[in-house]
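> Got a sequence here, can you model it:
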Amino acid sequence: MNELRELRITRVGAQGDGVADDGGAAIFVPFTLTGERVAVDVSGERARLLEVLEPSGERVKPVCRHFGVCGGCSVQHMASDAYLAWKREAVVAAFRTRGLDVEVAPLIAPGGKRRRAVFTVERTESGLVVGFHEAASHALVSIEECPVLDPNIVAALPALTELLAPLISKRGEARLTVLLTNAGLDVRIDGTARQLTSDVRTRLASGANALRLARLTIGDDVVCQTLTPLLTFGTVDVAPHSGAFVQAVAEAEREIARLIITAIGKAKSVADLFCGMGAFTFPLAAKARVSAFDGDREAIATLEAAARKATGLKPITARVRDLFREPLSPLELNEHDAVVFDPPRVGAEAQAKKLARSKVKTIVAVSCNPATLTRDARYLIDGGYKLESVTPVDQFVYSAHVEVVAVFRR
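Numbering: from 1, shown residues only. Next up, the predicted model:
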């Protein structure tokens, strides 16, 4: 049963919620800040904010009309200095939980907007809605503005909604992925039930041309492509396959690449693990020979196609390999002066265990999940590596997510 209460917020947690200590138990209150006295509606360990009775001096006006409803951002109400310190502290705390008291550099905020977004599309009684879910809810928020997305994506949403409306049935949800490339928007929709008849295809292609989309893909079916979508990694243009994973913000990607290049120094041979389409492979190849590995066949094919056309780089070899089931062995790793690994959020536990037994001089770990990064770091440190630096990069502005680059030396 819910209970109306007044609480004092003692800290902001790792997910961005304010935390009130209630007789030794924690109560989480979204959209609150340290020191605030708030009126809330409590249900278990969660509470809904009703009113801020005593606001913090670090409270600022959110920059988006959807904040507090849309589940995408959690801390737009936090002043800049407090926000930067909170994100850095989340990384410090993650290492501390593994018994690692390390010096964490100040958070780097490279700026830039997200070039990729995945929206939910749903038909309601009032029409088609394209947006993001509310926090911990199936309710959908129609997005009219978004300060973290590239303006070109936001500006295209009304026209994309109209274009895709005939594909969305009265039941269920579809997923709309929009990527801003050098050639324009690369648009993909998944989860539609309607068959693509020749008439529907013609209408979709005509609409895509009118919107100047680089490519429109329905499921795995390329309906229209007027230009080849391209992204630039280092000095190389890469043509991503539809729906491909890319780093969210180009400016953050370049900053991470800079940190990696600095860390490997004069290494002549580098292994790039979980390389994807080569976001770091190509900048690395400007300095050293690169052996790139990933379990995604399409990503490796994309990387290889771009490498064949690239000029002025050191040799690149790319191989499909499931690094979760078949990590590189210490003997294979020892062929390289440095190793870079950038796994998904689940981390690279199996590969980290092999790295810990290797003789590789320099290891650079890139992660969007401090919890799994610190687990993998523990293996490396216990294996004899020294953690030289930890640098957080704010790629996911106003959210609890943070990118981290950690450098280890044998």
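> alpha carbons only for contacts and neighbour counts from here, please
Noted.
> And the strands in the stretch 151-300 of the chain, which stretches?
Per DSSP state E, counting those that start in this stretch, the stretch 151-300 of the chain carries strands over the ranges 173-181, 184-190, 215-218, 221-225, 231-233, 236-238, 269-273, 289-294.
> Name the strands paired with the last one and say parallel or antiparallel.
For strand 289-294, the paired strands and their directions (DSSP bridges) read strand 269-273 (parallel), strand 316-320 (parallel).
> how far away is the residue nearest to residue 211 when sequence neighbours are not counted from residue 189?
The shortest distance from residue 211 to any residue other than its chain neighbours is 7.6 Å, reached at residue 159 (Cα to Cα, 6 or more residues apart in numbering). Using Cα to Cα, to the nearest Å, residue 159 is found at 14 Å from residue 189.
> biggest helix in this structure by residues?
Counting by DSSP state H, the longest helix found in the chain is helix 80-97.
> and it, average pLDDT?
Across helix 80-97, the average pLDDT comes to 96.
> Could I get the buried residue list for the next helix or strand after that helix?
Past helix 80-97, further along toward the C-terminus, the next helix or strand under DSSP states H and E is strand 116-124. Residues 116, 117, 118, 119, 120, 121, 122, 123 are the ones in strand 116-124 that count as buried (16 or more other Cα atoms under 10 Å).
> Hmm, which of these is lowest in pLDDT?
residue 123 (87).
> For that one, give the beta-bridge partners.
The partner residues for residue 123, given DSSP bridges, come to residue 128.
> repeat for residue 391
residue 405.
> who are the neighbours in contact with it?
104, 105, 106, 107, 108, 404, 405, 406 (Cα atoms under 8 Å, 6 or more residues apart in numbering).
> from memory residue 90 sits against residue 11, does it?
No: in this structure, residue 90 is not within contact of residue 11 by Cα atoms under 8 Å, at 11.9 Å.
> State the pLDDT value of the closest residue to residue 392 other than its chain neighbours.
Leaving aside its sequence neighbours, residue 392 sits nearest to residue 404 (Cα to Cα, 6+ apart; 4.3 Å). Listed pLDDT for residue 404 reads 98.
> Confirm for me that residue 404 is in contact with residue 370.
Yes: in terms of Cα under 8 Å, residue 404 counts as a neighbour of residue 370; the distance is 7.1 Å.
> what secondary structure does residue 136 sit in?
coil (DSSP: H, G, I helix; E, B strand; the rest coil).
> give me the number of residues near it?
Residues lying near residue 136 (other Cα atoms under 10 Å) number 7.
> Of all pairs in the buried residues of strand 116-124, which one spans the longest distance?
The span of the buried residues of strand 116-124, defined through Cα to Cα, is set by 116 and 123 at 22.8 Å.
> any chance of the strands paired with strand 289-294 in JSON lines, plus mean pLDDT, mean neighbour count and distance to residue 339?
JSON lines is the format used below for those (pLDDT from 0 to 100; neighbours: other Cα atoms under 10 Å; distance: least, Cα to Cα, whole Å):
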{"stretch": "strand 269-273", "mean pLDDT": "98", "mean neighbour count": "25", "distance to residue 339": "5"}
{"stretch": "strand 316-320", "mean pLDDT": "98", "mean neighbour count": "18", "distance to residue 339": "14"}
